[in-house]
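**Q** quick one, structure for this:
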Amino acid sequence: MKHFDVDLHVHSRFSIGTSPKMDLPRMCETAHLKGIQVLGTGDCLHSAWLEELESSLEKRGDCYEIDGIAFVIQTEIETTVKGRVHHVILFPSFSSAHELREVVLNNGYSQLTGGRPQLRISPEKLISLVRDVDALAGPSHAFTPWTSMYAAYDSIRECYGENADLVTFLELGLSADTEMASKLAELDSCTFVSFSDAHSAAPDKLGREFTRFCLRCPSFREVRRAFQGINGRGVVLNVGLDPREGKYHLTGCHRCKKAYDLEDITVDGNVLKTCPECGGPLKIGVKDRIRLLALKSGEVPSARRPPYRHTVPLLEILKAMKRSKAMKRSKAMNVKKSYHELIREFHNEINILIDAPLGDVRQQHPELAEVLERFRKDAIDFEFVGRGGWYGKIKI
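**A** All right, here's what the predicted structure looks like:
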């Protein structure tokens, strides 16, 4: 068994709002910088991207590879029967992806023209289709107030119906972590995963959240066994942003950025939809949404979970150090140059953020070591906590 750092939710240049430079060579280049060993392909139901994937990826045993990076065939699908709910789909093979394409097209569920297609079916029906082609599905960024399971539904059973037991993983998203999601007892049987949902191959996007798996090899079959906990396979570590940095952690206004306690904007049992200060749109934060769901269920969770490590991309740390008045020597720092020098010294970003002994970092980079130590001790402060669609900002 080996540990693999994995990011299985990304997009291609064929998705809306995605960088035109999101292609396989750049994805692989960034994966090497980050230390990510296994990537999702993204958007595998899009005909042009699927053709590009099939012509580029090499099949070696159970694994698809290119340039030393393993890939799992993957897409994200939006169902639209009740609200807009996003789902990560993982396929065992290209033939499985082709099978689902044919079913979707032949039944008129979608024309599959976008990288992330919208299907006119329920989440329960989607799971049936995915099961029939031997693939896996789980909710994307499950708690965000847009395009997520808990934005449209109050429970995983309500969302996926009789197929809820077939949902073996759940993506936490940028505004939640294991501690928060573990408050919901109904998720005890789901494996929590942290993936980036990257729309760009930039190092501060791809792999900004990842999951460390224990596997025999980096393949779909091994990932499925990890979700089932077979023979020592499984998730051993989740790594991602502190939820306070996520865009929807607190309840807040998108226009004026004011944060609210839920009680202050609840009138006659109903939560206001517009900001009392400026009239802008209000969104209930993930923190409040999970609290309400836990109170409603009244159940006590029992599942034991792997640890969750809070961090942010190294580029973001270097930028924060550069603007910090407390670290005047960093003011002259060339962030991009410093980033690549650190990668050459420590091999990859994950090693710097998570694994390298702080003593090794401190020898040449004492200021960076101090910041990393605070992250590893979960002692980072924030200038601004994310709310209303605005990212939080760390304070160095």
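**Q** surely Phe346 meets Leu353?
**A** No - using C-beta atoms under 8 Å, Phe346 is not in contact with Leu353, being 9.6 Å away. The C-beta positions use only the backbone N, C-alpha and C, and glycine is treated the same way.
**Q** could you list the low-pLDDT ranges of the stretch 1-150 of the chain?
**A** Residues of the stretch 1-150 of the chain meeting the criterion pLDDT under 70: none.
**Q** okay, strands next: where are they in it?
**A** 2-7, 38-40, 58-60, 63-66, 69-79, 85-91, 118-119, 136-139 (DSSP state E, counting those that start in this stretch).
**Q** so which of those is the most surrounded?
**A** Most buried of the strands of the stretch 1-150 of the chain, by mean neighbour count (mean count of other C-beta atoms under 10 Å): strand 38-40, with a mean of 28.
**Q** name the residues that touch that one?
**A** 4-10, 27-28, 31, 69-74, 88, 90, 195, 206, 213, 218 (C-beta atoms under 8 Å, 6 or more residues apart in numbering).
**Q** one more pass at 6 Å, please.
**A** Here strand 38-40 makes contact (C-beta atoms under 6 Å, 6 or more residues apart in numbering) with 4, 6-10, 31, 69-72, 74, 218.
**Q** neighbours of the nearest residue to Ala152 once chain neighbours are set aside, how many?
**A** Sequence neighbours aside, Gly83 is the residue nearest to Ala152 in space, at 3.0 Å (criterion: C-beta to C-beta, 6 or more residues apart in numbering). If you count neighbours by other C-beta atoms under 10 Å, Gly83 ends up with 16.
**Q** and for Glu299?
**A** Neighbour tally, Glu299, other C-beta under 10 Å: 12.
**Q** that one contacts Ala185, correct?
**A** Yes - under the criterion of C-beta atoms under 6 Å, Glu299 makes contact with Ala185 at 3.6 Å.
**Q** circling back to that earlier point, ok, the residue nearest to Ala152 to Arg212 distance?
**A** Distance of Gly83 to Arg212, computed by C-beta to C-beta, to the nearest Å: 32 Å.
**Q** cool, Gly285 as well?
**A** For Gly285 relative to Arg212 (C-beta to C-beta), the value is 28 Å.
**Q** show me which of the two is the more surrounded one.
**A** Gly285 (28 against 20).
**Q** these two touch, right, the more buried one and Thr251?
**A** Yes - counting by C-beta under 6 Å, Thr251 is a contact partner of Gly285 at 4.2 Å.
**Q** shared neighbours, the two?
**A** Joint contacts of Gly285 and Thr251 (C-beta under 6 Å, 6+ apart) do not exist.
**Q** the closest residue to Leu112 other than its chain neighbours: how many residues sit nearby?
**A** Distances taken as C-beta to C-beta, 6+ apart put Leu45 closest to Leu112, at 5.3 Å, once the chain neighbours are dropped. For Leu45, the count of nearby residues is 26 (other C-beta under 10 Å).
**Q** contacting residues around Leu45?
**A** Per C-beta under 6 Å, 6+ apart, neighbours of Leu45: 75, 101, 112, 117.
**Q** go again with 8 Å.
**A** Counted by C-beta under 8 Å, 6+ apart, Leu45 has contacts 75, 77, 97, 100-101, 104, 112, 117.
**Q** skip the chain neighbours and tell me the closest residue to the most centrally placed residue in the chain.
**A** Nearest to the mean C-alpha position of the chain, counting by C-alpha atoms, centre = their mean, stands Phe195 at 2.9 Å. By the measure of C-beta to C-beta, 6+ apart, the closest residue to Phe195 outside its immediate chain neighbours is His9, 3.5 Å from it.
**Q** could you chop the protein up by domain?
**A** 2-242, 313-378 (automatic domain parsing).
**Q** so Cys256 sits right up against Leu282, yeah?
**A** No - applying C-beta under 8 Å as the test, Cys256 and Leu282 come out as separate, 10.3 Å apart.
**Q** which neighbours do the two share?
**A** Cys275.
**Q** tell me which of the two has more neighbours.
**A** More crowded of Cys256 and Leu282, by other C-beta under 10 Å: Leu282, with 23 against 12.
**Q** thought the more buried one was touching Cys253?
**A** Yes - taking C-beta under 8 Å as the definition, Leu282 is a contact partner of Cys253 at 5.6 Å.
**Q** give me the common contacts of the two.
**A** With C-beta under 8 Å, 6+ apart, Leu282 and Cys253 have common neighbours 260, 275, 388.
**Q** tell me the contacts of Leu136?
**A** 89-90, 130, 168-169, 223-224, 227 are the contacts of Leu136 under C-beta under 8 Å, 6+ apart.
**Q** among these, which two are most distant?
**A** Using C-beta to C-beta, those span at most 14.5 Å, a distance reached by Val130 and Val223.
**Q** from His11, how far out is the residue nearest to Val104 when sequence neighbours are not counted?
**A** Nearest non-adjacent residue to Val104, counting by C-beta to C-beta, 6+ apart: Ser110, 5.4 Å away. Distance of Ser110 to His11, given as C-beta to C-beta: 17 Å.
**Q** from the contacts of strand 38-40, pick the one nearest Pro123.
**A** Distances from Pro123 to the contacts of strand 38-40, taken by C-beta to C-beta, are shortest for His9, at 16.8 Å.
**Q** that closest one: what's it in contact with?
**A** Counting by C-beta under 8 Å, 6+ apart, His9 has contacts 40, 42, 74, 76, 88, 140, 171, 195-198.
**Q** ranges for the helices of the stretch 101-250 of the chain?
**A** 123-132, 149-152, 156-160, 178-181, 220-228 (DSSP state H, counting those that start in this stretch).
**Q** would you mind finding the most buried of the ones you listed?
**A** helix 149-152 (a mean of 23).
**Q** how distant is it from the center of its chain?
**A** 16 Å (C-alpha atoms, centre = their mean, to the nearest Å).
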